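> Task: produce atomic coordinates for the following.
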Amino acid sequence: MLTGRGVTVVVAGLAMWVAARIVGSAGLEVVGVGLIVLPFFAGLFARWGRQRISARRRLSDVRVGPGTRVSVHIDVENRSPVPTSVLLLEDRLPQALGRPARLVVTGVPGRSVQRVSYTVLPQVRGRYHLGPLTVDVADPFALTRLRLEFDEREELLVTPEVEDLSGAADPASGPSFGATRARQLFRTGEEFYTMREYNEGDDLRRLHWPSVARTGDLMIRQDESSRRASGLVFIDTRAAALGQIHGQAFERAVSVAATLGVLLARRGFSLKLATAETPPATVTEDRFLDALAGLSHGQARSIGPMLAHLRAGSSADTSLVFVSAPPAPGELTSLIRSGAGFGPKLAILIYPVDPDTLPPERQAQLEGRATQGRMALARAGWDCIVLPPTMNLKERWHAPRDRQLVRSV
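Predicted coordinates:
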């Protein structure tokens, strides 16, 4: 493809050739013909050099949390002994990551590599593919430009936000409420344990000090039931329940599920994940976060079939975490029935919209459903937290249970 300079040279050559024919100057005619064909020879030179340029993309990290800056490094290699001219690079990005990155490489010496970098700042969880990368190669006279495309793509995985529940959000409530809630959710993993001698590298926080005082030897508490116990995180992915993907309620639900799932996994529980459309499956912590990173809303209208699957796979040594919107009365009965066979049960009910933004009648209806669901679940032995979509889980995690429905002002 001719550049603006190349077009100017061709036009000048044609004009010179016409003038040479008029005045009958053979020398001027040769110069005009030379100017006309020069851009085409330059284009052949650029095509010859296209096979001698390669580009590789690398990410500083392929798995990050929202708000983490990621550096993208591009190595441009010139395998030819001849230096390149100025190169223009464009790396296409998903719309959520911003506009395509455009970079200029002033020239790569022969048989060497030059690196350029840019950064992206993902704010929303998801799976993003960077690329393809295009490189505009020009001849030394900048008369023609050839576009090379490298179709290799890199995946950037942005995991959901994981909250730290270790500190109390409300000093007036005291830290004991969050600790009590954690003990209830994880009591299966804390009830029974055995002792063994301390080995170098063991976590000193697992020392059993009464045994140390009694025997004089360092003894480590080794939980046995935590290896047998499992934690099941269920998230309701129906659009009718929590709205569309990337909506406030849906994203808050994903964040809550990620926070509690990671908490279970780090307490030694075998972690399982289920949605309104997928049955429970055992996953590692990383695979759990990866699955939530790409989670989208499902097309299921009723949650009943999945609750039936949960009930069939229930176990007394399994802690259940249920994340959804306040259930309808019919769904509430099925939920209580399905959770009867589990051990500790925690329900996180997230308003699909902030009640404060609704008309009074609609607000009273939504809050009434949440209150009914919380009370029914509490009578059935559940712990229950109700959240507006704009509130973090840690703001309610440490709150007394009789204050769970009190919204922040």
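
> mind giving me the domain split of this structure?
Following automatic domain parsing, one gets these domains for the chain: 4-50, 53-158, 176-188+229-403, 196-222.

> Give me whichever of these is most buried.
Compared across the domains of the chain, domain 176-188+229-403 shows the largest average neighbour count, a mean of 19 (mean count of other Cβ atoms under 10 Å). (C-beta placed from N, C-alpha, C; glycine too.)

> I'd like to know which of the domains of the chain is closest to D164.
Among those, domain 176-188+229-403 comes nearest to D164, with 6.9 Å by Cβ to Cβ.

> For the closest one, the averaged confidence score.
Domain 176-188+229-403 comes out with an average pLDDT of 89.

> What helix or strand is the nearest residue to L28 once chain neighbours are set aside located in?
In space, L28 comes closest to A20 once its chain neighbours are excluded; the distance is 3.8 Å by Cβ to Cβ, 6 or more residues apart in numbering. Assigned by DSSP states H and E, A20 belongs to helix 4-23.

> Tell me which residues are up against that helix.
Contact with helix 4-23 is made by 2, 25-29, 31-39, 42, 141-144, as judged by Cβ atoms under 8 Å, 6 or more residues apart in numbering.

> quick one: that helix to chain centroid distance?
Centroid separation for helix 4-23 versus its chain: 57 Å, with Cα atoms, centre = their mean, to the nearest Å.

> Now G231. Nearest residue, chain neighbours left out?
Distance criterion Cβ to Cβ, 6+ apart; nearest residue to G231, sequence neighbours excluded, is L264 at 3.4 Å.

> Surely the one you found forms part of a strand?
No - L264 is assigned helix when assessed by DSSP: H, G, I helix; E, B strand; the rest coil, not a strand.

> ok, back up a step: and the pLDDT at the residue nearest to L28?
At A20, the model reports a pLDDT of 82.

> And for the one 3 residues further on?
Confidence at V23, expressed as pLDDT, is 84.

> And F45, by the same measure?
The confidence metric pLDDT takes the value 65 at F45.

> Distance check, the residue nearest to L28 against L35.
Remark: distance between A20 and L35 (Cβ to Cβ, to the nearest Å) = 11 Å.

> do I348 as well
I348 sits 74 Å away from L35, going by Cβ to Cβ.

> what does P280 give?
Going from P280 to L35 by Cβ to Cβ gives 74 Å.

> what's the one helix or strand A347 maps to packed up against?
Using DSSP H and E, A347 falls within strand 345-350. Helices and strands touching strand 345-350, by 3 or more Cβ pairs under 8 Å, 6 or more residues apart in numbering; DSSP states H and E, are helix 176-185, helix 248-266, strand 318-324, helix 360-379, strand 383-387.

> Could you export the ones you listed as a markdown table, including distance to R311?
A markdown table is the format used below for the helices and strands packed on strand 345-350 (distance: least, Cβ to Cβ, whole Å):
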| stretch | distance to R311 |
| --- | --- |
| helix 176-185 | 20 |
| helix 248-266 | 20 |
| strand 318-324 | 11 |
| helix 360-379 | 15 |
| strand 383-387 | 19 |
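
> For A241, which of those is the nearest?
Closest among the helices and strands packed on strand 345-350, using Cβ to Cβ: strand 318-324, at 5.6 Å.

> what inclination does whichever helix or strand comes after that closest one have with respect to strand 345-350?
Using DSSP H and E, the next helix or strand after strand 318-324 towards the C-terminus is helix 329-339. The directions of helix 329-339 and strand 345-350 differ by 150 degrees, with axes from the mean of the first three to the mean of the last three Cα atoms, to 10 degrees as the criterion.

> and the direction of helix 329-339 versus that of strand 318-324, what angle?
Orientation of helix 329-339 against strand 318-324 (the same axes, to 10 degrees) gives an angle of 160 degrees.

> can I get the CA coordinates of helix 329-339 in PDB?
Output of helix 329-339 as PDB, limited to C-alpha atoms (Å, rounded to 0.1, in the frame of the first residue of the first chain):
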ATOM      1  CA  PRO A 329     -42.600 -18.200  48.900                       C
ATOM      2  CA  GLY A 330     -42.700 -21.300  46.700                       C
ATOM      3  CA  GLU A 331     -39.000 -21.400  46.300                       C
ATOM      4  CA  LEU A 332     -38.400 -20.900  50.000                       C
ATOM      5  CA  THR A 333     -40.200 -24.100  50.900                       C
ATOM      6  CA  SER A 334     -38.100 -26.100  48.400                       C
ATOM      7  CA  LEU A 335     -34.900 -24.400  49.600                       C
ATOM      8  CA  ILE A 336     -35.500 -25.300  53.300                       C
ATOM      9  CA  ARG A 337     -36.300 -28.900  52.200                       C
ATOM     10  CA  SER A 338     -33.200 -29.200  50.100                       C
ATOM     11  CA  GLY A 339     -30.900 -27.900  52.900                       C
END
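
> list the helices and strands it packs on?
Using 3+ Cβ pairs under 8 Å, 6+ apart as the contact criterion, the elements in contact with helix 329-339 are helix 304-312, strand 318-324, helix 360-379.

> Relative to F150, tell me which of those wins on proximity.
Using Cβ to Cβ, these put strand 318-324 closest to F150, at 41.4 Å.

> Compile the domains of the chain into TSV and extend it with columns for distance to L165.
Output for these, formatted as TSV (distance: least, Cβ to Cβ, whole Å):
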stretch	distance to L165
domain 4-50	55
domain 53-158	16
domain 176-188+229-403	5
domain 196-222	17
